[in-house]
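> Okay, predicted coordinates and the sequence, questions at the end:
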Amino acid sequence: MTKPQHTVLPVSSERKHCPSKLITFLLIFTLSLFQMSGIVQAAPSRPSDRSKAGNGNILVGVSGTFEQKDKSAILNRINAIRKEACEKGYPNPSNGRKLTMADYVPMKWSSDLEWIAQLRAAESTVNESHTRPNGLTCFSIRRNNQQSWAENLAWNYSGLMQGIEQWYGEKNDWVKQNSHAVTGHYTSLITAPSIADT
């Protein structure tokens, strides 16, 4: 329930009879009553992986909307990046050997991993880290026996596709094996179980 708003009016210590002040006060008081009589409802929320807060934590809601991107556009871009790495023989993130087309495995969409990613996106607006706001690792979330084993985060004002391009922007440093550069986002894009096993 929302806290009612109260209006404080300056009141003179002199007792003068002024009908206009009394009418103004009554009008403001009446309007305040109308504000208090409104119905308050909880905003709809998505379920989390937690139904109650742990010790030293509270449950909070994060308002916002999730970007609705075409899943095929997301997969097409990521798979194009993965295929390019295999076609051009970039270093395998797991063992350093050159990737080949035999290593190429296109990604498939997982609704469970999407749910985990959206939960982590909301949490990341509160805590810009791979650690969840409750202090647990980002890999502690499970949905229908699925969990993520890698996490790429990106902050920008353009959305998910721009985030993918930000990660792709690390490619040149990975290809040149620049050990002083951040390349982990790009390498997670091109790593797949079959690539890691070769």
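Ah, there it is. Numbers count the residues shown, from 1 in each chain.

> What about Thr191, how many residues nearby?
20 (other Cβ atoms under 10 Å). For the C-beta atoms, the positions are set from N, CA and C on the backbone; glycine is no exception.

> Hmm, it is touching Tyr90, no?
No. The criterion here is Cβ atoms under 8 Å, and Thr191 misses it with Tyr90 at 11.2 Å.

> contacting residues for Ser124?
For Ser124, the contacting residues are Leu153, by Cβ atoms under 8 Å, 6 or more residues apart in numbering.

> That one - that's part of a helix, no?
Yes. Under DSSP: H, G, I helix; E, B strand; the rest coil, Ser124 falls within a helix.

> Compute the distance between it and Gly56, please.
20 Å (Cβ to Cβ, to the nearest Å).

> again, but for Asn144
29 Å.

> again with His185
To Gly56, His185 is 31 Å away according to Cβ to Cβ.

> who has more neighbours, these two?
Legend: neighbour count by other Cβ under 10 Å for His185 and Gly56, higher for His185 (21 against 7).

> Excluding chain neighbours, what is closest to that one?
Trp167 (3.7 Å; Cβ to Cβ, 6 or more residues apart in numbering).

> can you tell me which residues contact the one you found?
Contacts of Trp167 by Cβ under 8 Å, 6+ apart are 152, 154, 185-186, 188-189.

> The same query, at a cut-off of 10 Å, please.
Neighbour list for Trp167: 78, 81, 152-154, 182-189 [criterion: Cβ atoms under 10 Å, 6 or more residues apart in numbering].

> Fine by me, we can end here.
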